[in-house]
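Student: Provided below for reference: sequence and predicted model.
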Amino acid sequence: MKDSTICIHEGSYPDANEGGLNTPLYLSTAHLFPHPSNEIRYPRYSNTFTQRAPAEKIAALEHGEKGLVFSSGMAAITTVFLSLLEAGDHCVVQSDIYGGTRRFVAQDLARYGISVGVPESNDPAAVEREITSRTKLLYFETPSNPLLRLVDIEKIARIAGDHGLVSVIDNTFATPINQKPLDMGVDITVHSGTKYLGGHSDIACGAVVSSERLMERIADMQKSLGGSLDCFSCFLLDRGLKTLPLRVQMQNKNALTVARALERSDRVREVHYPGLESHPDHDLARRQMKGFGGIVAFTLEGTLSEARRFTEHLSVIKGAISLGGVESILCYPFETSHAQLGPKEREAMGITETTLRLSVGIEDPEDIVADIEGAFAASS
Ligand SMILES: Cc1ncc(COP(=O)(O)O)c(C=O)c1O
């Protein structure tokens, strides 16, 4: 089945009692024992139908064998690391990844005796140089946050395969509609489903997709750590997934329109969007992505206070943290996702005080562009 059909019909457990088409909210924590399925049913084990429905949709979208949903993106990511690594192991982790993942990798893994190598760039040769005889896992994220730089997925997956490592990719920004890493040789995808998969800025959740073999270990660790997803959030995630392809296609289109409009403005020093010919990874984006995503980053000319005057005049676009919802929202990475870094480190990454990250929603593109142009005019 194609993505749009998967989103409607995969992971569907219609209500047998009433004939309703939707998977019901199965709220029981206590289930008959022995259960007719011969399984012990319990929500922390992620095996109720309400939990399985969205997990199966996401697995089918990612072209993977097994999916599992989690209580947050970080629950998904930390569970993957802790299920596949043990004391004495080493992993290689890209430097420009989501701040929460970076904090976990830099601060917490060492306490469990797991060491980390961070390549100086995302160039495959630099990644390969970090691999040691103890390396077990290679973790990366593409497009990256906030400047949308890309990693060559096929090359990284090949390096991991050559060295017998498990490769893991955070596919949150791209979504499985725009990018299917498992088809390119990656072993595991992780998601903050709080973003595009849920899509309405009303649930926190995460997801993992992998082979059955790897999922046995991940699911086992989820049982221990307890990061399973509650029933109401599963229902909303499943409902949100039904419109994922429609939303993402609209966001791809809107983001390109907004990126082109920003590129034309003399108030903007730099626009970062993989769909623009000016983006350093545009050719790679065309090879490995079906759409370029809904996130646009841009750096304004002038000072922080001038940037703040611009954002104060926006009305359709809201200043808010998070991304991937139906509404357009904007944030300053230097005081949110990248606040823990020092100014020098941020500058080395290309993030300044006037760099803004816009998550483009599904409003009419003319209204989004008019909002930006109006705010430029009002604040000049
Ligand atoms: C790329 C990426 N991965 C993971 C996460 C963590 O997800 P959550 O906030 O759902 O735990 C985020 C959150 O912003 C993110 O942007």
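Tutor: Yep, it's here.

Student: got the phi/psi numbers for the residue of the stretch 51-200 of the chain found nearest the ligand?
Tutor: Closest contact between the stretch 51-200 of the chain and the ligand, by C-beta to the nearest ligand atom, is at Gly73 (2.3 Å). To be clear about C-beta, it is placed using only N, CA and C from the backbone, and glycine gets the same treatment. Main-chain dihedrals, Gly73, degrees, to the nearest 10: phi -60, psi -40.

Student: Contact partners for it?
Tutor: 98, 100, 172, 190-195, 205-206 (C-beta atoms under 8 Å, 6 or more residues apart in numbering).

Student: Closest one of those residues to Gly350?
Tutor: Nearest to Gly350 among the contacts of Gly73 is Tyr98, at 16.5 Å by C-beta to C-beta.

Student: what number of residues lie near the closest one?
Tutor: 21 (other C-beta atoms under 10 Å).

Student: next one: the strand or helix carrying Gln51 to chain centre, how far?
Tutor: Element membership for Gln51 (DSSP states H and E) is helix 49-61. In terms of C-alpha atoms, centre = their mean, to the nearest Å, the centre of helix 49-61 is found 17 Å from the chain centre.

Student: With stretch 157-174 instead?
Tutor: That offset, for stretch 157-174, works out to 15 Å (C-alpha atoms, centre = their mean).

Student: helices and strands around the longest helix seen in the chain, which ones?
Tutor: Ordering each helix of the chain by length in residues (DSSP state H) puts helix 244-264 first. Judged by 3 or more C-beta pairs under 8 Å, 6 or more residues apart in numbering; DSSP states H and E, helix 244-264 is in contact with helix 3-9, helix 175-178, strand 268-272, strand 295-300, helix 365-379.

Student: send the alpha carbons of it over as CSV?
Tutor: Once non-C-alpha atoms are left out, helix 244-264 reads as follows in CSV (Å, rounded to 0.1, in the frame of the first residue of the first chain):
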residue,chain,number,x,y,z
LEU,A,244,-0.1,12.9,7.9
PRO,A,245,0.5,12.7,4.2
LEU,A,246,-1.9,15.6,3.5
ARG,A,247,-0.3,17.8,6.2
VAL,A,248,3.2,17.1,5.2
GLN,A,249,2.6,17.7,1.5
MET,A,250,1.0,21.1,2.4
GLN,A,251,3.9,21.9,4.7
ASN,A,252,6.5,21.0,2.1
LYS,A,253,4.7,23.4,-0.4
ASN,A,254,4.2,26.2,2.1
ALA,A,255,7.8,26.0,3.4
LEU,A,256,9.3,26.3,-0.1
THR,A,257,7.0,29.3,-0.8
VAL,A,258,8.1,31.0,2.5
ALA,A,259,11.8,30.1,1.9
ARG,A,260,11.7,31.7,-1.5
ALA,A,261,10.0,34.8,-0.1
LEU,A,262,12.6,35.1,2.6
GLU,A,263,15.4,34.8,0.1
ARG,A,264,14.0,37.8,-1.8
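
Student: just the angle between it and helix 49-61, please?
Tutor: Angle, helix 244-264 to helix 49-61, by axes from the mean of the first three to the mean of the last three C-alpha atoms, to 10 degrees: 60 degrees.
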